[in-house]
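Turn this into a structure:
(one chain, ligands or ions: 1)
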Amino acid sequence: MNQQELSTRLATVGAFVPEGAHLADIGSDHAYLPVALVLDKKIDFAVAGEVVQGPFTSAVNQVKKNNLSQQITVRLASGLEAIIPEDEITAITIAGMGGSLIRDILAQGQANNKLSGDERLILQPNIGEKTLRTWLMNESYEIIAERILEENQKIYEVIVAEKVAQPINYSQEQLLFGPILGKEKNAVFLKKWQRELKQRKHVLQQLSLAETVPSGKVAQVEAEIKQIEECLA
Ligand code: SAM
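Numbering: from 1, shown residues only. All right, here's what the predicted structure looks like:
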């Protein structure tokens, strides 16, 4: 297997792993990403962390099948517990999960001193990008790159962040749309937000028919619709 065989989504994540990095791929079902990056000789050391036995076994088998047990260590562990100081990790990839789960993994890792602050974070949330960007901002991670891509009718975002000394301030719009994606507004971005706008308008219509509505919900959806319409204008 090489990087050409990765999904476009995972290849995009892999493209942001620096050459020669010590990588921790967390939630590494099949260890596809670390295996591809080592086979491509982009990196020569990785930890593949998996919390569920089945995907963990698949990752172990994939690493063995490619004779990469010297370069890739697979650990059965939750989140950043897969990392030990001797790994000297310089890049962390967390892909294919919800943004709030990725945030929780990072927050827990930070609380357990698993983050030195020198690692590049390469994150691919399936949903909940705003939640994740908000955590990154509050922890002084600057978003240095973003990508949006479509694969098999699904739209994915990749967020690359590095910790900086100064506080980071993103507006509500930057947190929602992405500070870089919201500036570029490429075709995939426009498609995503047209979809999101339609979906929120549907939610608003449903709320108008509901007998009980949580307080503030209508105002929140209306505010989001306004933000999206302004972005798309
Ligand atoms: N990262 C791969 C990708 O993007 O294709 C796999 C994505 S898969 C949908 C999510 C994986 O994350 C699953 O194998 C799941 O078991 C694992 N996972 C979920 N929570 C985790 C945690 N706290 N620590 C480690 N792995 C976790």
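
Contact partners for Ile159?
Residues near Ile159 by CB atoms under 8 Å, 6 or more residues apart in numbering: Leu121, Ile122, Leu123, Gln124, Pro125, Glu129, Leu132, Arg133, Leu136, Ile143, Glu146, Gly178. For the C-beta atoms, the positions are set from N, CA and C on the backbone; glycine is no exception.

pretty sure the first one is touching Val158, no?
Which is Leu121. No: judged on CB atoms under 8 Å, Leu121 makes no contact with Val158 at a distance of 10.8 Å.

got the buried residues for the top helix by length along the chain?
Longest helix of the chain, by residue count under DSSP state H: helix 187-209. Buried residues in helix 187-209, counted by 16 or more other CB atoms under 10 Å: Val188, Phe189, Lys192, Trp193, Glu196, Leu197, Arg200, Val203.

by contact count, what packs against that helix?
Contacts defined by 3 or more CB pairs under 8 Å, 6 or more residues apart in numbering; DSSP states H and E place helix 187-209 against strand 141-151, strand 154-163, helix 217-232.

contacting residues around Leu37?
So, once contact is read as CB under 8 Å, 6+ apart, Leu37 ends up touching Gln3, Gly14, Val17, Leu23, Ile43, Ala46.

which ones among the residues you listed are found in strands?
Among these, the members falling in strands (DSSP state E) are Leu23, Ala46.

just the contacts of Leu37 now: which is nearest Ile225?
Nearest to Ile225 among the contacts of Leu37 is Gly14, at 35.8 Å by CB to CB.

show me the contacts for the closest one.
So Gly14 contacts Gln3, Leu6, Leu33, Ala36, Leu37, Lys42, Thr93 (CB under 8 Å, 6+ apart).

Equivalent analysis for Ile89, please.
Counting by CB under 8 Å, 6+ apart, the residues that Ile89 touches are His22, Leu23, Ala24, Val47, Ile83, Ser116, Glu119.

Tell me how many other residues surround the closest residue to the second one other than its chain neighbours.
Counting by CB to CB, 6 or more residues apart in numbering, Leu23 lies nearest to Ala46, which is 4.2 Å off, once chain neighbours are set aside. Here the number of neighbours of Ala46 (other CB atoms under 10 Å) works out to 29.

Quick check, Ala46 in contact with Ser69.
No: applying CB under 8 Å, one finds Ala46 not in contact with Ser69, separated by 11.5 Å.

Can you verify my assumption that Gly109 contacts Ala82?
No: Gly109 is beyond contact range of Ala82, at 9.5 Å (criterion: CB under 8 Å).

of those two, who's got more company?
Ala82 (26 against 22).

right, and the more buried one touches Arg75 too?
Yes: using CB under 8 Å, Ala82 is in contact with Arg75, at 4.3 Å.

Among the contacts of Gly14, which ones are in strands?
Counting by DSSP E, the contacts of Gly14 contribute Thr93 to strands.

Having no further points to raise, I will conclude here.
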